[in-house]
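In: 3D, please:
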Amino acid sequence: MGAGGTAYAEGTVHDNGFDCGATTIAMAMSPNDDKRAVVQERVCSSPGIATTGVDDIVEILDRDEAPTVGYPRSPHDVLLIDEHGSWHERPILRWLSPDALQVTIDNKALIGFREVSYRGVTVTIKFEPDDPVERARMLKELGLRPDSD
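Out: As a prediction, this is how the structure comes out:
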């Protein structure tokens, strides 16, 4: 849960003026069944003006650990992408080994944050389609550095 957040119900957190809920949309066990990767769709809204954000969050958890929800981050989060609720832009999880997780995301996905390693697991990003020139152009148009991912 985010700093200062108060959990009201499973999958919901109220923090920094935002109401956030998360739904688990994908899960993959590591090859040795020791850890699992979870994708959660987090929807947050703010009071007052109707502002809603939809993000996908990838967490790495121990086998029996429950997914968490927090704003802006939970302790187990390794990747956040802004996909606006589009199902075809959701991350795809693939364990390459017990200590290597590959997350495939759309070439135009915006990465909010990324951990390259967590709990002994290396996390790599695979862009689909893999077009580094187009990705760099898109990020530049948005005023973002191409190497910011």
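In: can you map out the strands along this protein?
Out: 6-9, 12-15, 18-29, 35-46, 51-62, 77-82, 92-97, 100-106, 110-114, 117-118, 121-128 (DSSP state E).
In: and the residue lying closest to residue 109 once chain neighbours are set aside, how close does it get to residue 37?
Out: Leaving aside its sequence neighbours, residue 109 sits nearest to residue 81 (Cβ to Cβ, 6 or more residues apart in numbering; 4.6 Å). Just so you know, the C-beta spots here come from the backbone N, C-alpha and C atoms, and that holds for glycine as well. For residue 81, the distance to residue 37 (Cβ to Cβ, to the nearest Å) stands at 14 Å.
In: surely the residue nearest to residue 109 and residue 91 touch.
Out: Yes - taking Cβ atoms under 8 Å as the definition, residue 81 is a contact partner of residue 91 at 6.5 Å.
In: please enumerate the shared neighbours of these two.
Out: 56, 105 (Cβ atoms under 8 Å, 6 or more residues apart in numbering).
In: compute the number of surrounding residues for residue 100.
Out: Residue neighbour count, defined by other Cβ atoms under 10 Å, stands at 15 for residue 100.
In: so how many other residues sit close to residue 95?
Out: So residue 95, with other Cβ under 10 Å, has 18 neighbours.
In: so for it, what's the nearest residue that isn't a sequence neighbour?
Out: For residue 95, ignoring the flanking residues on the chain, the nearest one in space by Cβ to Cβ, 6+ apart is residue 30 at 5.1 Å.
In: look at that neighbour and say how many residues are nearby.
Out: Using other Cβ under 10 Å as the criterion, the residues surrounding residue 30 number 19.
In: quick one: low-confidence ranges for the chain?
Out: Within the chain, the set of residues satisfying pLDDT under 70 comprises 1-18, 47-52, 69-72, 83-87, 147-149.
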